[in-house]
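1. Sequence and predicted structure below; questions after.
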Amino acid sequence: ETGVTQSPTHLIKTRGQQVTLRCSSQSGHNTVSWYQQALGQGPQFIFQYYREEENGRGNFPPRFSGLQFPNYSSELNVNALELDDSALYLCASSLDGGGNTGELFFGEGSRLTVL
Amino acid sequence: AQSVAQPEDQVNVAEGNPLTVKCTYSVSGNPYLFWYVQYPNRGLQFLLKYITGDNLVKGSYGFEAEFNKSQTSFHLKKPSALVSDSALYFCAVRARGSARQLTFGSGTQLTVLP
């Protein structure tokens, strides 16, 4: 069974640039969520994708956007990067689709540094 | 709105002693509750969850948690701590119904001393 994989693991950008982070979900999982974990804090929900549609969104501005592909992999795009966007970005997959009782399976994250 | 409080940033316990990591929550209606563990520079790993039924939930690596509705708590416990249990622990809550997001606490760093 293949786990959740994320790329890149580390990257450095400058303020105002754009970034794309990628995630391959665990085999058989149809739902992908993205979380932002700032240093010393718990993860914060960005959004969730199910069957290629966004079906939940946290308190993040529109410059945070995403995609889910037919193979259930996903991308997180952040435009106009700000210093406060520096964080560990975690992708999580699950099999509960429209339900919400299932646990999430997390990747190891992409650490973004904005200078 | 849903929220989670982990009142202790740091918990230290001697190896072999019982450990408790505290968590209280706030959510509309009945909650789904989760515990996750994070090792340095790694993603989160699922430990256990409470959905319904027995208030005492058993999970991975000998951990368990007790759901207390009247106190809105979901404390994580283990009868005998191991040095390898040292890690960052997160409690999380999700509201029943259409809510998608999992709301996490700020985390508790557990250190088990040999």
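-> Here it is on my side, so go on.
2. For burial, what's the neighbour tally of the residue of chain B found nearest chain A?
-> Using C-beta to the nearest C-beta, residue B:100 is the residue of chain B that sits closest to chain A, at 2.7 Å. Using the backbone N, CA and C atoms, a C-beta is placed for each residue, glycine as well. By the criterion of other C-beta atoms under 10 Å in any protein chain shown, residue B:100 has 22 neighbours.
3. surely it meets residue A:49?
-> No - contact criterion C-beta atoms under 8 Å: residue B:100 and residue A:49 do not qualify, at 10.0 Å.
4. Mutual contacts of these two, please.
-> A:33, A:55 (C-beta atoms under 8 Å, 6 or more residues apart in numbering or on different chains).
5. re the thing from before, setting the sequence-adjacent residues aside, check what's closest to the residue of chain B closest to chain A.
-> residue A:56 (2.7 Å; C-beta to C-beta, 6 or more residues apart in numbering or on different chains).
6. so which strand or helix has the one you found?
-> strand A:53-57 (DSSP states H and E).
7. Report the mean per-residue pLDDT for that strand.
-> For strand A:53-57, the mean per-residue pLDDT is 90.
8. partners of it in the sheet?
-> Neighbouring strands of strand A:53-57 in its sheet, by DSSP bridges, are strand A:44-50 (antiparallel).
9. Contacts for the partner strand next, please.
-> Residues outside strand A:44-50 that contact it (C-beta under 8 Å, 6+ apart): A:30-38, A:54-60, A:64, A:66-68, A:74, A:76, A:97-98, B:100-104.
10. Could you turn the buried ones of those into a PyMOL selection?
-> For the buried members of the contacts of strand A:44-50, the matching PyMOL selection, counting by 16 or more other C-beta atoms under 10 Å in any protein chain shown, is:
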select buried, (chain A and resi 30+31+32+33+34+35+36+37+56+58+64+66+68+74+76) or (chain B and resi 100+101+102+103+104)
